[in-house]
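1. What follows is a predicted protein model with its sequence.
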Amino acid sequence: MALALIAPAAAQASCVGDFGCPYTSVTSFPVTVSTQLNGLAVDRAGNVYSVDFITGTVYVYSSAGALVRQFSTPGANPVDLAVNQAGTRLYVLNRSSSNVTVFDGAGKLVDTFGGQGSDPGELNQPLSIALDPQGNVYVADSSNDRVQKFRANGTFLAQSSSQFDAPLALVVGAFQTLYVAQFDGVLRAPELAFLDTSTLKQGATVPLPAAGLVQDITVTQIDDVFVSNQLTAAIEEYEASGVLYTYWGGQGTNLGQFGAITGIAASGSNRVLALDIGNQRVQVFTLAVSARARPTAAASRVTAAGVAPVTLACLTRGVAACTGSVQLAAGGRAVTRSYSLRAGRRAVVRLRLPARVARTVRRRGRLGARLTVVTRRPGGRPRIHRSAHSLRAR
């Protein structure tokens, strides 16, 4: 995918963060003077979209940072927006009117759906909106404590099967995963929930240890998870399993620092954009090379010989392969094997279970396990993906 590089606006500042710089360069362009710009979206051509919470004005910038067009949404207090990759459908989420207004590529209003209420398809003070590659629409229906899914034309499809506690932000990642940032119901600490995009059934929930106040969340094509922290004016990078990997930013005016972040968006596999409204600009970060292997399923069928096959997919940025190790822990025992697979490929790693664990699986029919996938990263800390795994008898 070809993406235009935005011209630098000033000299680059040194990277801020405890674990080294996760990006190789940063550029910026100015945005229309407003203290209420919210949300950020990018289409395949690199066009950048944002919306003013007070005036309802949508601004569209080219990949070079030039203002291309602006138009208004009839919805009240737009808080977020999402665009399809072709740039032909723009969805604006309106908080106070609790609806979604839909525009074509020229800024013409073509549809409205949602509306105030708690029935399926209705919304109450929503905060975030996202699209999947098929064009389906996902909404963090915050005051109804749920996530809803719609077709591209606004037809209601599904709602989350378990109740959330005020979902704050959401984004669609790889392997049919919907990442949802929310508060937990006890400590009011931010956490990340994983949902299946087809059913909206919730899987694991993990705490976000560094996030003070989640403002937005985005995911690259290789499943890098980035969260903007409103309290620290920083961007945090997490493993898809919720492990904090690194962060950068902090209060300031230099490139790589932020005044106030009110939206982030990934562009392809190698760029993250941040709406730095405190400094009236969009910053564009080109990410360093990376690789990660991810399990494609949360369960394995154990063979009669006691072998558990685990399928891995290799997602990379700027490198040719994923190499590392897979560990499967169950029944108080653990088994580890190394792997190596080419970028964009999938491969099965076969782990022979200890005899006692294999017998337990056959006797019970299934056994809970813990899967850890370590991917060596060129010039940096290894990627570690941890997830619950189920061992099932054939």
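-> On my side now, so go ahead.
2. just the helices in the protein please.
-> Assigned by DSSP state H, the helices in the chain fall at 355-364.
3. Domain map for it?
-> With domains defined by automatic domain parsing, the chain comprises 23-288, 291-393.
4. now those domains in a markdown table, with mean neighbour count and mean pLDDT?
-> Yep, even glycine has a C-beta here, placed from its N, CA and C like the rest. Listed next are these as a markdown table, based on neighbours: other C-beta atoms under 10 Å; pLDDT from 0 to 100:
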| stretch | mean neighbour count | mean pLDDT |
| --- | --- | --- |
| domain 23-288 | 19 | 90 |
| domain 291-393 | 17 | 93 |
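5. how about the strands in the stretch 101-250 of the chain?
-> For the stretch 101-250 of the chain, applying DSSP state E, counting those that start in this stretch gives strands covering 109-114, 128-131, 137-141, 146-150, 156-159, 169-172, 177-183, 190-196, 202-207, 214-219, 225-229, 234-238, 244-249.
6. In a markdown table, list those strands along with distance to residue 302.
-> Formatted as a markdown table, these follow (distance: least, C-beta to C-beta, whole Å):
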| stretch | distance to residue 302 |
| --- | --- |
| strand 109-114 | 46 |
| strand 128-131 | 36 |
| strand 137-141 | 35 |
| strand 146-150 | 33 |
| strand 156-159 | 32 |
| strand 169-172 | 31 |
| strand 177-183 | 25 |
| strand 190-196 | 23 |
| strand 202-207 | 21 |
| strand 214-219 | 32 |
| strand 225-229 | 31 |
| strand 234-238 | 31 |
| strand 244-249 | 32 |
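7. how about the ones you listed, which one is nearest residue 34?
-> With C-beta to C-beta as the criterion, residue 34 lies closest to strand 214-219 of the strands of the stretch 101-250 of the chain, at 16.5 Å.
8. can you pull the contacts of residue 135?
-> Residue 135 makes contact with 84, 89, 151-152, according to C-beta atoms under 8 Å, 6 or more residues apart in numbering.
9. right, and out of those residues, which lies closest to residue 216?
-> For the contacts of residue 135, the nearest to residue 216 is residue 84 (18.8 Å; C-beta to C-beta).
10. do you know how far that closest one is from residue 137?
-> 10 Å (C-beta to C-beta, to the nearest Å).
11. if I look at those two, which residues touch both of them?
-> 131, 152.
12. Across the sheet, point out what pairs with the residue lying closest to residue 42 once chain neighbours are set aside.
-> Sequence neighbours aside, residue 267 is the residue nearest to residue 42 in space, at 4.5 Å (criterion: C-beta to C-beta, 6 or more residues apart in numbering). Here residue 267 sits in beta bridges with residue 271, as judged by DSSP bridges.
13. Verify the contact between residue 267 and residue 273 for me.
-> Yes: the pair residue 267 and residue 273 passes the contact test of C-beta atoms under 8 Å, sitting 6.1 Å apart.
14. joint contacts of the two?
-> Common contact partners of residue 267 and residue 273 (C-beta under 8 Å, 6+ apart): 42, 284.
15. Provide the partner residues of residue 229 in its beta bridges.
-> Applying DSSP bridges to residue 229 gives these bridge partners: residue 214, residue 234.
16. wouldn't it be in contact with residue 214 here?
-> Yes: here residue 229 reaches residue 214: they are 7.0 Å apart, a contact under C-beta under 8 Å.
17. quick one on the thing from earlier: which among the strands of the stretch 101-250 of the chain is found nearest to residue 37?
-> Checking the strands of the stretch 101-250 of the chain against residue 37 by C-beta to C-beta gives strand 214-219 as the closest, at 12.3 Å.
18. how close does residue 342 get to residue 67?
-> 42 Å.
19. same check, this time on residue 307
-> 59 Å.
20. Check residue 42 too.
-> 15 Å.
21. same thing with residue 120?
-> 39 Å.
22. Next: residue 315.
-> Distance of residue 315 to residue 67, computed by C-beta to C-beta: 34 Å.
23. can you tell me which residues contact the residue nearest to residue 42?
-> Residue 267 makes contact with 3, 42, 46, 273, 284, according to C-beta under 8 Å, 6+ apart.
24. Taking the residues you listed, tell me the two that lie furthest apart.
-> That would be 3 and 273, which, of the contacts of residue 267, are the farthest apart (C-beta to C-beta) at 10.8 Å.
25. re the thing from before, which of the contacts of residue 267 fall within strands?
-> Using DSSP state E, the subset of the contacts of residue 267 located in strands is 42, 273, 284.
26. quick one: residue 272 and residue 228 touch, right?
-> No: between residue 272 and residue 228 there is no contact under C-beta under 8 Å: 9.8 Å.
27. list residues touching both of these two?
-> If you check residue 272 and residue 228 against C-beta under 8 Å, 6+ apart, the residues they both contact are 235, 264.
28. what's the closest non-adjacent residue to residue 306?
-> Closest to residue 306 by C-beta to C-beta, 6+ apart is residue 358, at 3.4 Å.
29. Now flag whichever of the contacts of residue 267 is closest to residue 28.
-> residue 284 (6.7 Å).
30. any idea how far that closest one lies from residue 223?
-> In terms of C-beta to C-beta, residue 284 sits 20 Å off from residue 223.
31. do the same with residue 194
-> Per C-beta to C-beta, residue 194 is found 12 Å from residue 223.
32. where do the contact lists of the two overlap?
-> With C-beta under 8 Å, 6+ apart, residue 194 and residue 223 have no common neighbours.
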